[in-house]
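# fold the stuff below for me.
(one chain, ligands or ions: 2)
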Amino acid sequence: MAIATPEGYRPLNEGTVGVFLAALPTIRERLGGEPTGWRVREVGDGNLNLVFLVDGPRGAVCVKQALPYVRLVGESWPLGLERARFEWEALRVQHRLAPGLVPEPLHFDEQLYAIVMERLAPHIIMRKGMIAATVYPRFAEQIATFLAHTLYFTSDLGTKAAEKKRLLERFAPNVELCKITEDLIFTDPYMEHERNRWTSPQLDDAARAIREDLPLKRAVAELKLKFLSEAQALVHGDLHTGSIMVTATDTRVIDPEFAFMGPIGFDVGKLLGNLLMSYASQPGHETRRGERVEYQEWILATVQDVWNGFERRFLELWRSRPEGDAFPVAHFPGPDGARALEAARRTCMRRLFVDSLGYAGTSMIRRTLGLAHNADMETIADPDRRAACERRNLALARELIVEAGFFPDIAAVADRARIVARG
Ligand code: SR1
Ligand code: MG
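Ligands and ions are numbered 1, 2, ... in the order given. So this is what the prediction gives:
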């Protein structure tokens, strides 16, 4: 039976996108020429939506439309269209707080649940670039700025309680997408579930060990509780390397449909976890032994630069723009007050660091044992080679979750990644 959709909704196709855009004067102007001359291509390769690139003689746009089901699975898994509105609203918040680091939002269509935004070119999805061992020298600095600005200015440190509560009200209804995360990241991989899959039989023992690992499951349950209950900031909610488009000099974060008010460490950790997963996958892409060692070192340097850059910028914002209602500066007068406040800031960053490592680990496990995997590993054709990379990925992930509090700093994480990779 077809899924019921609101009146006026219809999935777009390459033949109808031009008609839709031609009725929007500013977009028509941006594309230039006549709609019959516009080139439309559907390029969506994500798990959920349709994505069209439209090129006209003057300019170009991207159209992203929600489908009423999970594209990865099909119509047997219906999914609400409202997610497009959460994405639109989150994109506008991020565009205000981190201009130049997301595509420019241009239009939202209430009936089609379609977002029209700046077409990024010649950007590519970062995950694809990393599979091809491409170095992005500006990435760490730019993504650290994105993280610090979007997370600080939507937290109680950087925004007033009244505005924070408005954000909570706007994004709390994004329950369906949060539930996907709650199930696919924090629940399914730690039990037998029909949605799970892994490289089998090679990883059968590893999957079983994880299902039986009580200290791991306890730590994951604590991360899940934090995800459910700690509305620290407006998080992107799905910040992996497939949600980032890059060139050698430019970084743009896309796809914030999972946005909600959640733990800051979830965004930072998901990103670190995906970088570390790429690190673990690199030997599987070698055509000559050792060929990717240098690239792996770039990834570990990036992991460290991302965390250190995020921490530095977040602290700079906290010191220079204490515009939220938490930690009133007036309570900390004089040199002793300044020292006490600085100590509180350091303690907070330490907590975010530990959370981030835990969330990094959960992202690495879910992409190895759960429903949705990563091209980093999936494109390694030989299952034995792939499983060897995935096994090391799981080993590091477990340490990041269970031993998170014992890592003194991000350099120690990089050291541990190197050791696990050799083992
Ligand atoms: C059913 S959707 C699977 C995954 O795709 C997105 O990228 C999210 O990570 C989600 O968990
Ligand atoms: Mg996405």
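# buried sites along stretch 35-42?
When neighbours are counted by 16 or more other Cβ atoms under 10 Å, the buried residues of stretch 35-42 are found to be 35, 38, 40. C-betas here are computed from N, CA, C, even on glycine.
# same question, stretch 344-351
Within stretch 344-351, the residues that qualify as buried by neighbour count (16+ other Cβ under 10 Å) are 345, 348-349.
# coming back round to it: nearest to ligand 2 among the buried residues of stretch 35-42?
Among these, Val40 lies closest to ligand 2 (Cβ to the ion), at 21.0 Å.
# okay, and which of the buried residues of stretch 35-42 map to strands?
Where these overlap with strands, as defined by DSSP state E, the overlap consists of Val40.
# ligand 2 next: which of the buried residues of stretch 35-42 are close?
Checked against ligand 2 using Cβ under 5 Å from the ion, the buried residues of stretch 35-42 give no members in range.
# quick one: pLDDT of Met1?
The model reports Met1 with a pLDDT of 62.
# when you give positions from now on, start the count at 26
All set: I'll call the first residue 26, so the last point we hit is now Met26.
# residues touching the residue in the stretch 26-175 of the chain positioned nearest to ligand 1, list them.
For the stretch 26-175 of the chain and ligand 1, the shortest gap (Cβ to the nearest ligand atom) falls at Asn72, measuring 3.6 Å. Asn72 makes contact with 95-97, 397, according to Cβ atoms under 8 Å, 6 or more residues apart in numbering.
# ranges for the helices of the stretch 176-325 of the chain?
Assignment of helices within the stretch 176-325 of the chain using DSSP state H, counting those that start in this stretch yields the ranges 186-196, 200-209, 229-236, 239-254, 289-306, 318-345.
# now, the most widely separated pair of the contacts of Asn72?
Taking Cβ to Cβ as the measure, the contacts of Asn72 span a maximum distance of 11.1 Å, between Arg96 and Ala397.
# picking up where we left off before, does the residue of the stretch 26-175 of the chain closest to ligand 1 belong to a helix, a strand or coil?
When the structure is reduced to helix, strand and coil (DSSP: H, G, I helix; E, B strand; the rest coil), Asn72 reads as coil.
# contacting residues for the closest residue to ligand 1 within the stretch 326-448 of the chain?
Nearest to ligand 1, among the residues of the stretch 326-448 of the chain, is Ala397, at 3.8 Å (Cβ to the nearest ligand atom). Listed by Cβ under 8 Å, 6+ apart, the contact partners of Ala397 are 72, 97, 209, 391.
# which single one of those residues is nearest to Glu107?
Minimum distance to Glu107 across these is 17.2 Å, recorded for Asn72 (Cβ to Cβ).
# most neighbours of all the contacts of Ala397, which one?
Arg391 (26 neighbours; other Cβ atoms under 10 Å).
# give the helix, strand or coil label for that one.
Of the three states, Arg391 takes helix according to three-state DSSP.
# Gln227 versus that one, what's the distance?
Summarising the geometry, the distance separating Arg391 from Gln227, computed by Cβ to Cβ, to the nearest Å, is 18 Å.
# and if you look at Gly309?
Between Gly309 and Gln227 the computed distance is 13 Å (Cβ to Cβ).
# what do the two both touch?
Common neighbours of Gly309 and Gln227, counting by Cβ under 8 Å, 6+ apart, are Arg411.
# tabulate the buried residues of stretch 60-67 in a markdown table, adding columns for distance to Leu425 and pLDDT.
What follows is the buried residues of stretch 60-67, written out as a markdown table (distance: Cβ to Cβ, whole Å; pLDDT from 0 to 100):
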| residue | distance to Leu425 | pLDDT |
| --- | --- | --- |
| Pro60 | 50 | 96 |
| Trp63 | 47 | 98 |
| Val65 | 43 | 98 |
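# can I get the buried residues of stretch 60-67 in JSON lines with distance to ligand 1?
Compiled in JSON lines, these are given as follows (distance: Cβ to the nearest ligand atom, whole Å):
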{"residue": "Pro60", "distance to ligand 1": "32"}
{"residue": "Trp63", "distance to ligand 1": "29"}
{"residue": "Val65", "distance to ligand 1": "24"}
